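Asker: Build me a model:
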Amino acid sequence: MAKQVINVGTTAGDGRGDPLRDAMIKINANFTELYEGIVVQTIVGENGTTLVDISANSVNANALTGTVPAGVATWDNLGGKPTSVAASGILDLYNIAQTDAQIASEIDDLKVELGSGGAGAIDASVLTGSLPAIDGSALTGITAGVASSLDGDMTGSVFADDSTLLVDGVSGTIPAANLTGALPAIDGSALTGVASAFSDLTGTPTTLSGYGITDAYTQTQVDTAITNATSSIVIPSGSSQSIDVVAADSTLLVDSSNGTLNSSALTKPIDLDDNEEVRFGTDNDMRIYHSGTTGNIDNNTGTLILDGATVRIQDGALANTAISASNGIATLLFENSAKLATSTDGVAVTGRITGLTDPTDAQDAATKAYVDANSGGGGGDFEGNLSGSVFADDSTLLVDGVNGTINSSALTKPIDLDDAEEVRFGTDNDMRILHSGTSGLIQNTTGTLVIAGPIVRIQDAGTAQSAFTAENGIATLYHLNSAKLETTTDGVAVTGKITGLTDPTAAQDAATKAYVDANAGGASSRSTATGNTNSLADAAEADLDITGFKSYALLAITTDRAARVRLYVSDATRTADASRAEGVDPTSDAGLIAEVITTGADTVIISPGAYGFNLESSPTTTIPCRVTNKSGGTSTVQVDLNILQLEA
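Answerer: All right, here's what the predicted structure looks like:
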C-alpha cells in the first residue's frame, strides 16, 4: 500500500482538509503497514553482502564502517589471543629457542676469532684500537695495529682518542653534548623522556639576547623608540610647549610661531544661531548678531563706520536700495529711484519735499520759508541743494542731516514698479523680476532657480485655488484645491483616474498603459503573460511560475508544442495535485483554475472565460503552473496566458 497523505487544506480553518475520522483512518493504515513490515530476518546489502546473519546470530564485522566507540575494541575484550610468536604471525621476531641459538652461535664465532692464535692465547690480529697499559709479559703473539672497521656487535662503552666518553655502555646512553652534525630523521614514537613540545624544554632563555635574536626590539627599546618619535608631537599636560597644526594637504591651520589661526581655512558659511554674537574690540566694543526677530550691528564705543567702494542699505530681499554711499556722496532712494543726494552745496532733491508744517520758532519759520521757496513746498517742485534734516508732518525724522542718514522705516510700502520695470540680481543680472503688463516673470538665467519655504504653493490670483504645493520634499498637484497626484517613496500616488491615454504603438508602452489603466482607474486591456520551462524529457513535468496579476480573467492558453498545462491558486495546491494522473478528475477543493492538453503548437480558448486568482496568505502576481512535456522528445515548453487584469 502506498503512503496515505492527510489533506490539511491550504490555510488553517479553511474547511478544505480531510475530516478528522478520515485523517485518523489514514494514520492507522500507515502504522499497520509499518508494523507488519518489521520482521526478524537476515539483512543483505544491495551488493549481496550479508550484513546481519540471523542463523549465526552475528553481524558481519567486515562490513562495518566508521569509528568503533571507545571501550569496545580493546585487547582485553579480544578472544583467541595468540600465545606464541608463530601464532601471532610476526615474522621479524625471534622466539626464545631461536634467540638462544643465535646467541650461542655468536659466542662460538667470537671464540673462534679470538682463539685462532693457538691454545692459551688471543690472536692479536683481531684486536683493534689502543690497549691500556698492561703487563705484556703475559701476552704472546701480539701484533700492534689499528683496525679500520668493526664488523659485528659490541658490548661496552666507547671512548674517543682524547678519552671523551662517546657511548656509555654502563648507563646505556649516548651523551648528547658530544654529538656533532645534523641528526638523521628518526621515529620519535620509540623515544622516551624526550621533549616533544617547546613547553617540555627546560632552561629556556627569557630574553631576546638569550635566544640570539637580533632582528627585534626589546620592550625597553620599543618604549624608547615611541618616546623619541612622539616627543615632538605630544604635548605633556601642563607643558608650555607650542606646536603647529597642519592639514593633510599641508595647509597651515594653527600657526604656533605667530599665535594665529588660519581664517582662510575655516569652513564657509560661518553659521551662528539666534543671539550668538561676533564681538570686536578688546572690550567687546562692537557686536553683530540676530535676535531671532531683528538683525543687529551694535557699536558702543566711537563711531560705526561702514566702508566700501559703494555702501548700500537695502531691504531684506536685497531688491530695493534705500540709502547709498559712493565716492563720498550720500543718496536717498525711493523704490531704487534717487530722491536726495548730497552735493558740494548741500543736498540735491529729485522731486519734492512735502508735508512741512508751519514752524513756531522764528528760525524754523525762516528755514521753512527758504525750503518752500527753493524746493516747491506746498505742492511746488524743489530744485537745488538742501542742507539739514528733513522731518515729516508728524515729526518723524526722514533725513538726518547731522548723522547723514535716512530713516528707512519711513519708506512707503509697497514698493511699486511700473510695467517692464525690473529688479535685477547678480553681477551679470543673472535673475530678474518684472511684470510685462500682461504676464509676471521671474527669470533666472544662471544656475538653478530655487523657491524655498516651509510650504511652497502655486495659486491663482483670483480664487486662491492651489494648483501645486511642495512640503517636506513631497510635491502635490491639485484640481480646485483637491489633491490628485502626490510623489511618494515608490513613485506617485494618484487620487482618481488617469484618463485620455491613447493606444501605444510599442510593446513597452502597451505594458505601461495596461498597468496605468489598471492601477489608476482606467479601463484594463488584455495582455499576455509568458513563461518557459527548463529542458524537459518527454513525459517529464515541472513547476512553472508565470508573472500575471493577483486576480484575472483567463481567456486562452497557448503552448509552443504538445503539453499538459495546469494552473493553480497557490504553490501548496499545485504540490498537492502534482501526482494526479492525466484523465483523473481533481477534487473539488484542489485549487485548480484550468487544465488543458495540446497536441502541438496550439491555442486552447477558455470559453466561458475562467476567473483566476492568487490565494497565498499575502497575494502576489504569480500564477503557479504545472507543465508536462508531451512533444515526444526533450525540449523546453513555452506557455502563453491571454488574461485580463481584475485586481490592482
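Asker: Poorly predicted segments of the stretch 101-250 of the chain, please.
Answerer: 102, 104, 106-155, 176, 178-179, 181-204, 208, 210-211, 226-244 (pLDDT under 70).
Asker: Now with 80, please.
Answerer: Residues of the stretch 101-250 of the chain meeting the criterion pLDDT under 80: 101-161, 163, 166-219, 221-248, 250.
Asker: try the stretch 301-450 of the chain
Answerer: Flagging of the stretch 301-450 of the chain using pLDDT under 80 yields the residue ranges 302-328, 330-333, 335-336, 339-341, 343-395, 397-417, 423, 439-441, 449-450.
Asker: For it, which segments are assigned as strands?
Answerer: Assigned by DSSP state E, counting those that start in this stretch, the stretch 301-450 of the chain shows strands spanning 310-314, 321-326, 329-334, 337-342, 347-349, 390-391, 397-400, 405-406, 423-425, 431-435, 440-444.
Asker: distance of residue 262 from residue 278?
Answerer: 18 Å (CB to CB, to the nearest Å). All C-beta spots, glycine's among them, are computed from the backbone N, C-alpha and C.
Asker: The closest residue to residue 532 other than its chain neighbours: what's it in contact with?
Answerer: Excluding the flanking residues, the one nearest residue 532 by CB to CB, 6 or more residues apart in numbering is residue 638, at 5.0 Å. Going by CB atoms under 8 Å, 6 or more residues apart in numbering, residue 638 touches 530, 531, 532, 533, 559, 560.
Asker: Isn't the third one up against residue 629?
Answerer: No: here residue 532 lies out of contact with residue 629, judged by CB atoms under 8 Å, at a distance of 12.0 Å.
Asker: out of these two, which sits in the busier spot?
Answerer: Per other CB atoms under 10 Å, whichever of residue 532 and residue 629 has more neighbours is residue 629, with 24 against 12.
Asker: how many neighbours does the closest residue to that one other than its chain neighbours have?
Answerer: What sits nearest to residue 629 in space, not counting adjacent residues and going by CB to CB, 6+ apart, is residue 536, at 4.0 Å. Counted by other CB under 10 Å, the residues lying close to residue 536 total 20.
Asker: Quickly list what residue 536 is bridged to.
Answerer: residue 635 (DSSP bridges).
Asker: and the gap between it and residue 26?
Answerer: Distance, residue 536 to residue 26, using CB to CB: 32 Å.
Asker: which residues touch the nearest residue to residue 440 once chain neighbours are set aside?
Answerer: In space, residue 440 comes closest to residue 434 once its chain neighbours are excluded; the distance is 7.8 Å by CB to CB, 6+ apart. Residues counted as contacts of residue 434 (CB under 8 Å, 6+ apart) are 417, 420, 421, 422, 423, 440, 441.
Asker: re earlier: out of residue 262 and residue 278, which sits in the busier spot?
Answerer: residue 262 (14 against 11).
Asker: Was I right to think the more buried one contacts residue 246?
Answerer: No: in this structure residue 262 lies outside contact range of residue 246 using CB under 8 Å: 9.9 Å.
Asker: ok so residue 572 is a helix residue?
Answerer: Yes: assessed by DSSP: H, G, I helix; E, B strand; the rest coil, residue 572 belongs to a helix.
Asker: hang on, isn't it packed against residue 14?
Answerer: No: when contacts are counted by CB under 8 Å, residue 572 is not listed as touching residue 14 (10.9 Å).
Asker: circling back to that earlier point, will you turn the strands of the stretch 301-450 of the chain into TSV that also has distance to residue 33?
Answerer: TSV is the format used below for the strands of the stretch 301-450 of the chain (distance: least, CB to CB, whole Å):
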stretch	distance to residue 33
strand 310-314	99
strand 321-326	103
strand 329-334	107
strand 337-342	108
strand 347-349	119
strand 390-391	117
strand 397-400	113
strand 405-406	110
strand 423-425	92
strand 431-435	90
strand 440-444	86
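Asker: For residue 596, which of these is the nearest?
Answerer: For the strands of the stretch 301-450 of the chain, proximity to residue 596 was assessed by CB to CB; strand 440-444 is nearest, at 63.6 Å.
Asker: Contacts made by the closest one with the rest, please.
Answerer: Contacts of strand 440-444 (CB under 8 Å, 6+ apart): 430, 431, 432, 433, 434, 435, 449.
Asker: Residue 540 - how many residues pack around it?
Answerer: Neighbours around residue 540, by other CB under 10 Å: 14.
Asker: just residue 631 next, same as before
Answerer: Neighbours around residue 631, by other CB under 10 Å: 20.
Asker: Quickly find the element holding it.
Answerer: Here residue 631, judged by DSSP states H and E, is contained in no helix and no strand.
Asker: Which pLDDT value does the model give the nearest residue in space to it that is not next to it in sequence?
Answerer: Closest residue in space to residue 631, ignoring its immediate chain neighbours: residue 561 at 4.2 Å, by CB to CB, 6+ apart. Looking at residue 561, its pLDDT reads 96.
Asker: list the contacts for residue 561?
Answerer: Neighbouring residues of residue 561 by CB under 8 Å, 6+ apart: 598, 600, 601, 629, 630, 631, 635, 637.
Asker: and residue 285, how far is that from residue 295?
Answerer: For residue 285, the distance to residue 295 - CB to CB - is 19 Å.
Asker: Check residue 647 too.
Answerer: Plainly put, residue 647 is 60 Å away from residue 295 if you go by CB to CB.
Asker: Looking at the two, which one has more neighbours?
Answerer: Remark: of residue 647 and residue 295, residue 647 carries more neighbours, 13 against 9, as counted by other CB under 10 Å.
Asker: Good, wrapping up.
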